[in-house]
Each structure stands twice: as C-alpha cells, then as structure tokens.
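My questions are about this predicted structure, shown below with the sequence.
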Amino acid sequence: MANFTVSRRFFLLSLTACTLLFAIPFIGKAQDASAPSANAGVEAQRTEWFRRAKFGMFIHWGPYSVASVEASWPIMKPDPQWNITEAEYVQLCKRFNPVQFDPHAWVKLAQDAGMRYMVFTTKHHDGFCMFDTALTSYKITKTPYGQDVTAMLARAAHDAGMPLGFYYSPPDMNHPGYRDTSKPVKDTWHGDPTRPQWSTYLDYMNAQLRELLTEYGPVALLWFDGLDHQEKYKGAEVLDLVHQIQPATLVNNRLGVPGDFATPEQFIPDRIPTKADADTLKGTAKSDVSAPNSVPAADDFQPWETCMTINNTWAYNKNDTQYKSAKELIQDLANVASKGGNFLLDVGPTPEGTIQPEFFDRLEAIGKWMKVYGDSIYGTTYGPLQNLTFGKTTAKGKVIYLHVFNWPSDGTLNVSGLKGRVAQITVLGDKKKLHWRQDEEKLEIQVPPTGPDEDDSVLQIVTR
C-alpha cells in the first residue's frame, strides 16, 4: 500500500508525540505568548498550537497541474477558459509524472517562509487520490510516477518537526456511490444522498479517512471541503471516527458540524470573528462578517483561518500571471493576525513537482520579513485597536505590536483609543527606543523619517 506505512509501534509512539505536541504550546523564540487562563476550555487547549502558529502553507497538487487547469472545477462547472473536456481531464493522471518532486525542499521552503504548518491536498473533488489508498485505482501510485507522494511528504514533514494536515474533499466525482457516473459531472456534482448507493460512498469516505489517520503518522488537522448541503456526510459520525483514532487532530467547519476553526476563503473578515460567525465563515461569503470594528471578549472569539492564493488559481496555472506582491502578502498576514486568525497561503506545484519561481520568490521575501518581525505574528492574538488608518495591531500579554503600513512623513505617529499606560516603545528588530507622549486622548510617537521596512514596519509597545 503506502511507501510510508508505519508499524503499529511507530504509529502509537508518533501519535503520543502528536498529542503532546498539539496539546502543549510550541516553545521557541517567537512563541512565548502568555499561557491560557485557568478556565480555558478543552477546545482552547486543543487549538492552542494552531492559534499560535498563525502562518501555514496550503498545497493544491494533482494531475490537473499537467493541463494548467484549476482542480476539479473544469469538469464540475465547465468554462471555455479551461479548454478541456471531462474525458480529457480524467485521463490527465496517465501523464502525471512529477520526477522532480522533493518533499524535503517543500518543507524547507515552508520553514524558510516562516510557516509553522502545512496542509496537503490528499483528494480533491475530482476523486483522484494523492495517497496509496487500497480503495480505488484512481490514485497516484497508478500514474507513471508510481509513488505515494503523501507518504513522502509526511515523512519529510515529520522528520523536520513540521505539523502536517490533510485536505480531504467529501464530494467525489469518481465514486459511483456519490453520483450517477453514467451522467456528466456538471449535472451530478452535488451528489445525491437519496440514491440507495449513497451509504456505500459514506463507507468509502470513512475508510479512506481511517487510512490517512493510521498510515501516515500524526495528522495535525483535517481540512474538509464539503461544498453545499454538508449535512449529507453525517459529520458527527466522521468527527467521532477522527477523534477515536487521533484525538489531537483538529477539524475545520466544512463538514456540516461545528469544527475547531472557521474558514473564510480568499478574503479577510472586516472584523474579528465571534462564535456567532462560525457557521457562515466557511467559504467566500464575505458580506457575512462585514460590520463595524469591535474587540470581543476572549471567550467569544472564534478561531479562524483564511486560505488565499498567490495568484488567482489554487492549482498550478502557467497562464495565470496575476501574482500578489510580497508586500501585499505580508500586509495580508499582519491583517489576519490583527484579527486573531491564521493565514493559510496556497502554492500550486508544477506537474514536475517543483514550486514555480514566482511563488518561491514571494515566500522567500515573506521569510526574510518574518525573521525580523516574527514576534509580532507568532503567538499573538487580535490587537486592541481595530480602526487604524495607517496599519494594524497584534497583541501578546502586555505587549502591543503596531504594524505601520503607511509611515508618517512628518516624523510623528498619532495613535488614538489605546487604553492603559505605555512603559516603553521600541522599533522591533533593532530595539531602538523611541520618544513618545501620552494623554487621555492619544499616544504621540516620534519616529525616524523613514520606516525600517517598506512593506510593514513594526513598533513594540510595552504597557504597564
């Protein structure tokens, strides 16, 4: 089966280590946030590593990369831009041979970018499996490449101490239990739970999840993507299965039941999400969280993670050259952290198994910024000031990090609305102390003529 099939003894040892890893905060230079309060719930303890990590790598990769088309959607919602038929799409696996795939290079790239976890697409909506499942022949080990890339990446990630999660699509266009495969995908992609074959698909899905949870070592999280009418997957039973096998594994909120974290897609909420937003924050419905800025009570905060692409497609697309700049991505990361969230940034590897230079360069630039300013991201929570015109704030204990996107040209930075007395202000990175004056209405900070970083300069404000 999988090249990375583990022995029962190794799996149990790994699972024990995983449970400890995800239950106890990471210990490191940039992850020294205050411990949770004594009344922190089990949920908060389970998600603590995730909330501290802040920055992760999403990976969409499969045979679709051969044709430079988006994953699955060209057959679900055909569009002339993709220039591919369903029959041609299904046959792409026969040409998929990523001979340059180096999982250690992927993990190193994520680490160098400052990412603290990775999420790999094991099965997208098309049903093609990027792992050596025993339940279908529509899988990576039946391609010219013939190797289990999920196993290879799992081994590299675990060896490097990088938490690895799996994206798994409940919809499956290849399985006859999910839909009537005698009809076009475009007419049947929603699935039909009223068909007598539906239970065979649920059995298949749960069996594959069992494979992923027992044969690939510790699984940091499962990232489901149930699309519409998610109740048809019997999510409560799936959660029971997951937690029976790996209690520490986190689950997102796209399975028809509340999950450990919410998942806005391709946008950053306009305000800090609360538990009331949990059910709506699981897609592209941006308007659901558009509201005046506010700072909720800690026990009302909803853990969340926004997933975003570097260009406009999740999968590799040589024709999509509309890349976000490194500056935009760095500011997006700071914006996400300022609202207490995580930033899951996607890469779509090439059909050869490499990361394209445009992605590599942007991740490298983010990594250089994180080496200087990572303390203002890792282990922080949402900042106390949510309505600044020039930047964002994050917080860690008595420290407020002021992310300045637009540096003042007159040498004075005015901050209104800050509660509490300031004890010290420094420029993060060089520890240079700044002069400041505070009254009941505002904090006035004297700053150098130009900021230390053209993308996002960070001031560290220590309060009493």
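Cool, got the structure.

which residue ranges form the helices in the stretch 51-200 of the chain?
73-76, 86-90, 103-112, 149-159, 185-188, 198-215 (DSSP state H, counting those that start in this stretch).

quick one: which of those helices is nearest residue 355?
helix 103-112 (6.1 Å; CB to CB). In this view, the C-beta of every residue, glycine as well, is placed from N, C-alpha and C.

gap between that closest one and the chain center?
16 Å (CA atoms, centre = their mean, to the nearest Å).

Break the chain down into its structural domains.
The chain breaks down by automatic domain parsing into domains covering 8-382, 391-463.

Could you count how many residues lie near the closest residue to residue 294 other than its chain neighbours?
Leaving aside its sequence neighbours, residue 294 sits nearest to residue 271 (CB to CB, 6 or more residues apart in numbering; 6.1 Å). Counted with other CB atoms under 10 Å, residues neighbouring residue 271 total 18.

Local confidence estimate at residue 271?
If you check residue 271, the pLDDT there is 93.

Quick check: residue 279 is in a helix.
No. Applying DSSP: H, G, I helix; E, B strand; the rest coil, one finds residue 279 to be coil, outside a helix.

list the contacts for it?
Contacts for residue 279 (CB atoms under 8 Å, 6 or more residues apart in numbering) come out as 253, 258.

If you count neighbours, what's buried in the strand or helix carrying residue 46?
Using DSSP states H and E, residue 46 falls within helix 42-53. Within helix 42-53, the residues scored as buried using 16 or more other CB atoms under 10 Å are 44, 46, 47, 48, 49, 50, 51, 52, 53.

Determine the set of other helices and strands touching it.
Counting by 3 or more CB pairs under 8 Å, 6 or more residues apart in numbering; DSSP states H and E, the packing neighbours recorded for helix 42-53 are helix 8-23, strand 250-251, strand 342-347.

how does it look with 7 Å?
Other helices and strands packing on helix 42-53, by 3 or more CB pairs under 7 Å, 6 or more residues apart in numbering; DSSP states H and E, are helix 8-23, strand 250-251.

where does the spatially closest residue to residue 238 that is not a sequence neighbour land on pLDDT?
Among residues not flanking residue 238 along the chain, residue 255 sits closest, at 6.1 Å (CB to CB, 6+ apart). Note for residue 255: predicted pLDDT of 96.

quick one on the thing from earlier: can I get the buried residues of helix 42-53 in JSON lines with distance to residue 100?
Output for the buried residues of helix 42-53, formatted as JSON lines (distance: CB to CB, whole Å):
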{"residue": "44", "distance to residue 100": "42"}
{"residue": "46", "distance to residue 100": "37"}
{"residue": "47", "distance to residue 100": "36"}
{"residue": "48", "distance to residue 100": "37"}
{"residue": "49", "distance to residue 100": "32"}
{"residue": "50", "distance to residue 100": "31"}
{"residue": "51", "distance to residue 100": "35"}
{"residue": "52", "distance to residue 100": "34"}
{"residue": "53", "distance to residue 100": "28"}
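
just to revisit the earlier point, mean pLDDT for the helices and strands packed on helix 42-53: which is lowest?
helix 8-23 has the lowest average pLDDT among these, namely a mean of 41.

what bridges to the residue nearest the centre of the chain?
For the chain, residue 344 is the residue whose C-alpha lies nearest the centre (CA atoms, centre = their mean; 2.8 Å). Note on residue 344: beta-bridge partners by DSSP bridges are residue 56, residue 307.

what sits against it?
56, 58, 119, 305, 306, 307 (CB atoms under 7 Å, 6 or more residues apart in numbering).

same thing but 10 Å
55-58, 115, 117-119, 165, 167, 223, 263, 265, 305-308, 336 (CB atoms under 10 Å, 6 or more residues apart in numbering).

how about the strands in the stretch 201-350 of the chain?
221-224, 250-251, 305-309, 342-347 (DSSP state E, counting those that start in this stretch).

thinking again about what came up before, the residue nearest to residue 294 contacts residue 301, doesn't it?
No. Using CB atoms under 10 Å, residue 271 makes no contact with residue 301, being 11.4 Å away.

intersection of neighbour lists for those two?
295, 339, 382.

what's across from the last one in the sheet?
It stands for residue 382. Going by DSSP bridges, residue 382 forms beta bridges with residue 394.
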